[in-house]
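> Quick one: sequence and predicted model below, then my questions.
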Amino acid sequence: MKAKLMILPYNLRCDISRCSNKAKYSIGNPDSSKATHFHLCESCLKELAETFPDELKPIKEVIKEVEKIVERVIEKKVPVQIENKKKGR
Ligand SMILES: [Zn+2]
């Protein structure tokens, strides 16, 4: 693994511009020098995670797994009761 999010065991400032919080996490290659790691506070990491494009969000993987299960159910023609709310309109 070349890129990893790690807990920062040192007392350093967040590297995000205009943020003066204490860094809690570091991002970088765990096999490389700590000087190459980027430090982030909890608040900036959360903000960063919110800006991730949908295709990079872990939830997508969960949805894919659910879709696989649904496909299997459909293939086996297992009766699944789903209320059709649009019916009758
Ligand atoms: Zn920060």
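Noted; the coordinates are in hand. Numbering: from 1, shown residues only.

> And the strands in this structure?
4-7, 25-28, 38-40 (DSSP state E).

> near the ion, which residues of the protein?
Cys14, Ile16, Cys19, Asn21, Cys41, Cys44 (C-beta under 5 Å from the ion). (C-beta placed from N, C-alpha, C; glycine too.)

> now with 8 Å?
14-16, 19-21, 23, 40-45 (C-beta under 8 Å from the ion).

> So which of the residues you listed belong to helices?
Those of the residues of the chain next to the ion mapping onto helices are Glu42, Ser43, Cys44, Leu45, per DSSP state H.

> Tell me the one of those residues nearest the ion?
Ranked by distance to the ion (C-beta to the ion), those are led by Cys44 at 3.2 Å.

> ok so, going back, show me which of the residues of the chain next to the ion are buried.
Cys14, Ile16, Ala23, Leu40, Cys41, Cys44, Leu45 (16 or more other C-beta atoms under 10 Å).

> Would you agree Lys24 is in contact with Cys44?
No - look at Lys24 against Cys44 with C-beta atoms under 8 Å: they stay out of range, at 9.4 Å.

> Just the buried positions in the helix or strand of the chain with the lowest mean pLDDT, please.
Ranking every helix and strand in the chain by mean pLDDT, DSSP states H and E puts helix 59-75 at the bottom, with a mean of 78. Across helix 59-75, burial judged by 16+ other C-beta under 10 Å covers no residue at all.

> Tell me which other helices or strands that helix touches.
Using 3 or more C-beta pairs under 8 Å, 6 or more residues apart in numbering; DSSP states H and E as the contact test, no helix or strand touches helix 59-75.

> how about the CA coordinates for that helix, as PDB?
Listed in PDB are the C-alpha atoms of helix 59-75, where the atom choice follows Å, rounded to 0.1, in the frame of the first residue of the first chain:
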ATOM      1  CA  ILE A  59     -20.700   3.500  -0.100                       C
ATOM      2  CA  LYS A  60     -20.600   2.700  -3.800                       C
ATOM      3  CA  GLU A  61     -18.900  -0.600  -3.000                       C
ATOM      4  CA  VAL A  62     -21.700  -1.500  -0.600                       C
ATOM      5  CA  ILE A  63     -24.300  -0.700  -3.200                       C
ATOM      6  CA  LYS A  64     -22.500  -2.900  -5.700                       C
ATOM      7  CA  GLU A  65     -22.600  -5.800  -3.200                       C
ATOM      8  CA  VAL A  66     -26.300  -5.200  -2.600                       C
ATOM      9  CA  GLU A  67     -27.000  -5.200  -6.300                       C
ATOM     10  CA  LYS A  68     -25.200  -8.500  -6.700                       C
ATOM     11  CA  ILE A  69     -27.400 -10.000  -4.000                       C
ATOM     12  CA  VAL A  70     -30.600  -8.600  -5.600                       C
ATOM     13  CA  GLU A  71     -29.500 -10.000  -9.000                       C
ATOM     14  CA  ARG A  72     -29.000 -13.400  -7.500                       C
ATOM     15  CA  VAL A  73     -32.500 -13.200  -5.900                       C
ATOM     16  CA  ILE A  74     -34.000 -12.300  -9.300                       C
ATOM     17  CA  GLU A  75     -32.200 -15.100 -11.000                       C
END
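
> That's all I had, so thanks and see you.
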